[in-house]
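S.K.: Fold the following for me, if possible:
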Amino acid sequence: MTGNTHTVRGREKTGTNTRKLAACGMFAAIAAVLMFFEFPLPVAPTFYKLDLSEIPVLIGTFAFGPVAGVVIEFLKIAVKTAIKGTSTAFVGELANFVIGCSMVIPAGLIYKMNKSRKTAVIGLVTGTLVMTAAGALINAFVLLPAYSAAYGLPMDVLIGMGSAVNASVKDVFTFVLICVAPFNLIKGTVVGVLTLVLYKRISRFVKGADA
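M.R.: Got it, this is the predicted structure:
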């Protein structure tokens, strides 16, 4: 009897892991497709574009935990890069991964502590704030210099593009403070709200009726 019980439990665990892997792959594929649909925001130069690819990543994170969220984030960028390639010697893709994880990991850890709508909101707000800070730092020290080198544009030209959006932009510090930070705040808010709206409906199909 004990042997049969262990066999059944083993099969159930295998089935759960298989469903989890399939769901993570599905979320990553959807997120990769969403990365191709992007649009600029008036708060930042047009080379900053908003996409909704973090929504499937966050849904997968809430459903299966922050580790799964990091895996989905990685697969999303890997699929997108395999299809489109890179124009920044993978610097942009690495930065995208780190910035995405800076929202996904805090949100997932907080939600995992107590799975409720309240902790989901707290997690998403915290994730948005962490992403905003991380995005500002990464843009200042990694992305802007990388784009400047990749496209042969002097840093002054990039700063000038920020000044065209907001005359208060004078240097890298004001660029990330006035353009990049509001952009990520808006992005985090949009994907956070849509994640809250969609999560319970989608998780029922992924995890079962009791999700």
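S.K.: which residues in the chain form strands?
M.R.: Taking DSSP state E as the criterion, the chain contains strands spanning 39-40, 49-50.
S.K.: Tell me which of those strands sits most buried.
M.R.: Of the strands of the chain, the one with the most neighbours on average (mean count of other Cβ atoms under 10 Å) is strand 49-50, at a mean of 16. Placement of C-beta: from N, CA and C, glycine included.
S.K.: can you list the strands of the chain in a markdown table and add mean pLDDT and distance to Phe64?
M.R.: As requested, the strands of the chain are exported to a markdown table (pLDDT from 0 to 100; distance: least, Cβ to Cβ, whole Å):
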| stretch | mean pLDDT | distance to Phe64 |
| --- | --- | --- |
| strand 39-40 | 92 | 29 |
| strand 49-50 | 92 | 26 |
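S.K.: could those go into CSV alongside distance to Gly127?
M.R.: As requested, the strands of the chain are arranged in CSV below (distance: least, Cβ to Cβ, whole Å):
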stretch, distance to Gly127
strand 39-40, 22
strand 49-50, 16
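S.K.: Out of those, which is closest to Leu75?
M.R.: Nearest to Leu75, of all these, is strand 49-50, at 20.9 Å by Cβ to Cβ.
S.K.: Listing partners with orientation, what would you give for that closest one?
M.R.: strand 39-40 (antiparallel) (DSSP bridges).
S.K.: and the partner strand, how far out from the chain's middle?
M.R.: Distance of strand 39-40 from the chain centroid (Cα atoms, centre = their mean, to the nearest Å) equals 16 Å.
S.K.: How about Leu177, nearest residue that isn't a chain neighbour?
M.R.: Ala136 (7.0 Å; Cβ to Cβ, 6 or more residues apart in numbering).
S.K.: That neighbour and Pro56: what is the separation?
M.R.: 25 Å (Cβ to Cβ, to the nearest Å).
S.K.: Name the residue in the two with the higher neighbour count.
M.R.: Neighbours per residue (other Cβ atoms under 10 Å) separate Ala136 from Pro56, with Pro56 holding more: 27 against 20.
S.K.: Which residue, other than its chain neighbours, is closest to the most centrally placed residue in the chain?
M.R.: Nearest residue to the geometric centre of the chain (Cα atoms, centre = their mean): Gly100, 3.3 Å. Take Gly100 and drop its neighbours on the chain: the residue closest to it by Cβ to Cβ, 6+ apart is Glu73, 4.7 Å away.
S.K.: Pull the number of nearby residues for the closest residue to Leu185 other than its chain neighbours.
M.R.: Distance criterion Cβ to Cβ, 6+ apart; nearest residue to Leu185, sequence neighbours excluded, is Thr132 at 5.3 Å. Neighbours of Thr132 under the rule other Cβ under 10 Å: 23.
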